[in-house]
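Peer 1: I would like to see how this sequence folds:
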Amino acid sequence: MAKPLTFLVLLAIACLSAGLFGMVHNQLSYSVGASYFHEFKFAQFAIDGDLQNRLGAALVGWRASWWMGLLIGIPAFGLGLVLLRPARLLPVGLAAIGITVTLALAGAMVGLTLGMIAPSYAPTLPLPDGVTDPDSFLRAALMHEGAYLGGVLGCVAALVTTWRARRLPAEGSPT
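Peer 2: Below is the predicted model:
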C-alpha cells in the first residue's frame, strides 16, 4: 500500500479507535458519576432529553473524543510518512494507536482513583454551579481529565515510537 494511502487508513483507524474509546469510557464514567452527565455533559453536547442515559453518554463519548485520533495521528503518522519505509508505516502506526489507547486508559484509571479520594477535598474544589452530587461529579470529571492527559502522553509516546522505528529494518529485509 502506498504511504499516503496508509497514512489516511491509519488516520481513519485512529479516529475510530478514539471515538470507540470515548464511548466505552463514558459507560464506565456514567456508572461512577451519572451526575457529571446530567448536570454538565448532556447540556454541553445538546443531547436530547430522551437520550440522557447510557446511549447519550456513549454519544457524548464519541463526539468528545473521535477528533483526538486526528490530533494524535497527524503528527505521528506524518512523521512516519517522512521517516519510515512503506512496509513499516502500518505496523508502527498501529502500535502507536495501541500505545495511545493504553495510556488514555491508564490516565482514566488514575483520574478515577483521584476521583475516589477527591470528595474529601470537594469543599475546596471549584465545581460548576448546580452540582447536586459533588462526589459523583468529581469521579467522572477527574476520570475524563485523566483520559485526556493520557491521550496527550500517548501523542508523545506515538511520536517517540515512530521516531525510534526509523532505525529498525523492515520485516524480511536485510539489516
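Peer 1: Count the neighbours of Leu90 for me.
Peer 2: Leu90: 19 surrounding residues under other C-beta atoms under 10 Å. (C-beta placed from N, C-alpha, C; glycine too.)
Peer 1: check which helix or strand covers it.
Peer 2: Using DSSP states H and E, Leu90 sits in helix 86-117.
Peer 1: same for that helix, what does it pack against?
Peer 2: helix 3-32, helix 68-83, helix 134-165 (3 or more C-beta pairs under 8 Å, 6 or more residues apart in numbering; DSSP states H and E).
Peer 1: Identify each buried residue in it, please.
Peer 2: 87-90, 92-93, 96-97, 99-101, 103-108, 110-112, 114-115 (16 or more other C-beta atoms under 10 Å).
Peer 1: again, but for stretch 117-126
Peer 2: 118-119.
Peer 1: how close does the nearest residue to Gln52 once chain neighbours are set aside sit to Ala57?
Peer 2: Excluding the flanking residues, the one nearest Gln52 by C-beta to C-beta, 6 or more residues apart in numbering is Phe42, at 4.9 Å. To Ala57, Phe42 is 8 Å away according to C-beta to C-beta, to the nearest Å.
Peer 1: more neighbours, these two?
Peer 2: Comparing Phe42 with Ala57 by other C-beta under 10 Å, the one with more neighbours is Ala57, at 28 against 20.
Peer 1: Which helix or strand lies directly C-terminal to the host helix or strand of Ser35?
Peer 2: Element membership for Ser35, per DSSP H and E: helix 34-36. As assigned by DSSP H and E, the chain's next helix or strand after helix 34-36 is helix 42-44.
Peer 1: Just give me how far that next one sits from the chain centre.
Peer 2: Relative to its chain's centre, helix 42-44 lies at 19 Å (C-alpha atoms, centre = their mean, to the nearest Å).
Peer 1: Packing partners of that helix?
Peer 2: Going by 3+ C-beta pairs under 8 Å, 6+ apart, helix 42-44 lies up against helix 54-65.
Peer 1: in the helix it packs on, what counts as buried?
Peer 2: 56-65.
Peer 1: Which residue, other than its chain neighbours, is closest to Gln44?
Peer 2: Nearest to Gln44 is Val60, by C-beta to C-beta, 6+ apart, at 7.9 Å.
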